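Chemist: Give me coordinates for this.
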Amino acid sequence: MLRSIKFAQSAGRLLKQGEVRRFVSVDPKRGTEFIFSRLSDATKASPLIAKLQQECWDGYVSTGRGCHTLFQLLDTDSSGAICWQEIRFFLENVRESDINPNARKEVLESAAEGVITFPKFQQWLIKATKVDQGLKNTYAMENYQASIGNAPKPDSDHSWNKHTMSQNLRRMQYAVRGEVVIRADALAAEGKKIIYTNIGNPHAVGQKPLTYYRQVLALCDLPAECGVENSQIASAFPADVVERALEMRKAIGPAGTGAYTNSQGIMDFRKDVANFITMRDQHVAIPSNIFLANGASHAIEQVLTALIGNNRDAIMIPIPQYPIYSAIISRLGARQVGYFLDEESGWAITERELELRRTAAVERDGLDIRALTLINPGNPTGQVCSRDDLEIIYEVYQRNIYDENKEFVSAKKVAVETPGCENLQLISFHSTSKGFIGECGRRGGYMELHNIDPYVQTQLYKLASSGLCSGVDGQMMTSLMCRPPMPGEDSFELFTNEEYGIFDSLKRKAISLVKGLNEIDGMSCNPSDGA
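Modeler: Below you'll find the predicted structure:
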């Protein structure tokens, strides 16, 4: 609505200044849209018209919406089609980097041969906003068609098609689960042996689950008469496992693990998280600032959904990065501003690089930087950030530090202890999917909100409520991650031995991988400080 109001105000100013001869509101179902009949001089169009086209184009690039409005702005004589002069004027006044170069050339050639109608323009927008020409959805389409045995129907047979669907979703890229994986699945179905290394999925590649976690989860999930209340359980499970399962079942309530919970997560489990953070940072964390989530990815999506408010909003992310950030940012209609890690300095983050990218985004491109993301230890780069590197941090791998000279320091600890950071707004994420635990399928994780506006926090709760709650198994797994067996308890020795075995294996593999890559002619790889 705000975008439409601003758009109307801009168009109104043009009308008053005599630049536009006719100004008509159309189709209220689509919102406020405009038709311009003639420019005062089609070959010397007003800079205000150019600015309006740029604003509308920015809106389309960000949101994937407004193609009708954009077409009408380009169709300056209201002929129902765009001529060569009109498309050339538009292309000269929008940022060249926003449009795929092949699509730019194609539309000029098409307009030279004849006018461009709205359906052709809509098809062109798909090509114009395709960042990667190789991203054609080929394997996904072929795989689906083969599975149902039907030939693909033309787009015109479906009202919901690639032209009318969410363009943000169409443009979103998530390579770790994309075309390559779909093709790999097809080859696996043909009997080929495939080793999947596209995502961190430890158990899928042989990492064993930690016994204590699985035992507690099993007792919690079993009906009480078969589990915690069964008289023979004490002879089958260690005493601390039974005690913890009883405690967790009480926290969950009589309905058991199959019922919905509080939308923010079960309170006793949030207390476990808060105590874990308090002990780690030596600064108090409170359960009301903890949200349990279906993995860190889901929590990140919730935060970005609440954070991104308009077409010019941008999020700074490290390059290289884990692609969940760029995927969510694209789908939500914001812009990503990448800052490059310095490989020669061990993938360090430099103040100069941050300032260079921020200045270009703000002063050159007119973007509004809403947040800065740091990943620590780096994914996929494996560096451990120094204390000075920390602003906003994704803390999934915080115990996987291989370099004995490096230490994990949380962004929360730095924010509390550093003068000048009193007003720093920070959200930290952690997950049960990676590291020693590797319980990816449980979808457990949390986020802690630090110094976040109370009203925004209530809206994040509302957003969490719209999904009812995170999975109970994931909530239990998060509680267990934050409160493992302690010295003196029956399971402690086995747990410690299993954990050390996993850590040692991960460290050996990291060293071996780096060594192997460095032995390939023309390649170099830095040692990994962590996972």
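
Chemist: Next up, the contacts around residue 172.
Modeler: 327, 330, 331 (Cβ atoms under 8 Å, 6 or more residues apart in numbering). Where you see a C-beta, it was placed from the backbone N, CA and C, and this is true even at glycine.

Chemist: Please apply the same query to residue 256.
Modeler: Taking Cβ under 8 Å, 6+ apart as the definition, contacts of residue 256 comprise 223, 224, 249.

Chemist: neighbours around the nearest residue to residue 449 once chain neighbours are set aside, how many?
Modeler: Distance criterion Cβ to Cβ, 6 or more residues apart in numbering; nearest residue to residue 449, sequence neighbours excluded, is residue 289 at 4.6 Å. Other residues near residue 289 number 19, with proximity taken as other Cβ atoms under 10 Å.

Chemist: so residue 289 touches residue 448, yeah?
Modeler: Yes. With contact defined as Cβ atoms under 8 Å, residue 289 reaches residue 448; the gap is 5.6 Å.

Chemist: okay, stretch 116-135 in CSV with CA atoms only?
Modeler: Only the C-alpha atoms of stretch 116-135 are listed here, as CSV (Å, rounded to 0.1, in the frame of the first residue of the first chain):
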residue,chain,number,x,y,z
ILE,A,116,6.0,-5.7,-27.7
THR,A,117,2.6,-6.6,-26.3
PHE,A,118,2.0,-7.2,-22.6
PRO,A,119,2.3,-11.1,-22.8
LYS,A,120,5.6,-10.8,-24.6
PHE,A,121,6.7,-8.2,-22.0
GLN,A,122,5.8,-10.5,-19.2
GLN,A,123,7.8,-13.3,-20.7
TRP,A,124,10.7,-11.0,-21.2
LEU,A,125,10.7,-9.9,-17.5
ILE,A,126,11.5,-13.5,-16.6
LYS,A,127,14.6,-13.5,-18.8
ALA,A,128,15.5,-10.0,-17.7
THR,A,129,15.6,-10.9,-14.0
LYS,A,130,17.3,-14.2,-14.4
VAL,A,131,20.7,-13.8,-12.8
ASP,A,132,22.1,-17.2,-14.1
GLN,A,133,21.3,-18.1,-17.7
GLY,A,134,22.0,-21.7,-16.8
LEU,A,135,19.2,-21.8,-14.3
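
Chemist: What spatial separation is found between the residue nearest to residue 449 and residue 471?
Modeler: Distance of residue 289 to residue 471, computed by Cβ to Cβ, to the nearest Å: 21 Å.

Chemist: Neighbours of the closest residue to residue 118 other than its chain neighbours, how many?
Modeler: Take residue 118 and drop its neighbours on the chain: the residue closest to it by Cβ to Cβ, 6+ apart is residue 71, 5.3 Å away. The number of residues packed near residue 71 is 20, by other Cβ under 10 Å.

Chemist: moving C-terminal of the helix or strand where residue 71 lies, what's the next helix or strand?
Modeler: Under the criterion of DSSP states H and E, residue 71 resides in helix 67-74. The helix or strand immediately downstream of helix 67-74 is strand 81-82, counting by DSSP H and E.

Chemist: May I ask which helix or strand of this structure has the lowest mean pLDDT?
Modeler: The weakest-scoring helix or strand in the chain, judged by mean pLDDT, DSSP states H and E, is strand 23-25 (a mean of 34).

Chemist: got the CA coordinates for the helix holding residue 71 in PDB?
Modeler: Output of helix 67-74 as PDB, limited to C-alpha atoms (Å, rounded to 0.1, in the frame of the first residue of the first chain):
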ATOM      1  CA  CYS A  67       4.500  -5.900 -14.000                       C
ATOM      2  CA  HIS A  68       1.200  -4.300 -15.200                       C
ATOM      3  CA  THR A  69       2.200  -1.000 -13.800                       C
ATOM      4  CA  LEU A  70       5.700  -1.100 -15.300                       C
ATOM      5  CA  PHE A  71       4.200  -2.000 -18.700                       C
ATOM      6  CA  GLN A  72       1.800   0.900 -18.600                       C
ATOM      7  CA  LEU A  73       4.700   3.300 -17.600                       C
ATOM      8  CA  LEU A  74       6.700   2.200 -20.600                       C
END
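
Chemist: I'd like the distance from it to the chain centre, please.
Modeler: Here helix 67-74 is found 30 Å from its chain centre; the criterion is Cα atoms, centre = their mean, to the nearest Å.

Chemist: average pLDDT for that helix?
Modeler: Over the span of helix 67-74, the pLDDT mean works out to 82.

Chemist: elements contacting it?
Modeler: Under the contact definition 3 or more Cβ pairs under 8 Å, 6 or more residues apart in numbering; DSSP states H and E, helix 67-74 sits against strand 34-36, helix 47-63, helix 84-93, helix 118-128.

Chemist: Tabulate these (a markdown table), appending distance to residue 206, mean neighbour count and mean pLDDT.
Modeler: Below are the helices and strands packed on helix 67-74 laid out as a markdown table (distance: least, Cβ to Cβ, whole Å; neighbours: other Cβ atoms under 10 Å; pLDDT from 0 to 100):
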| stretch | distance to residue 206 | mean neighbour count | mean pLDDT |
| --- | --- | --- | --- |
| strand 34-36 | 61 | 21 | 37 |
| helix 47-63 | 43 | 19 | 77 |
| helix 84-93 | 53 | 17 | 81 |
| helix 118-128 | 42 | 17 | 81 |
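
Chemist: got a pLDDT number for the residue located most distally from the centre of the chain?
Modeler: Relative to the C-alpha centroid of the chain, counting by Cα atoms, centre = their mean, residue 231 is the outermost residue, at 46.8 Å. pLDDT for residue 231: 82.

Chemist: SS state for it?
Modeler: Going by DSSP: H, G, I helix; E, B strand; the rest coil, the secondary structure assigned to residue 231 is coil.

Chemist: quick one, helices of the stretch 401-531 of the chain?
Modeler: For the stretch 401-531 of the chain, applying DSSP state H, counting those that start in this stretch gives helices covering 411-417, 454-466, 472-482, 492-518.

Chemist: No further questions, thank you.
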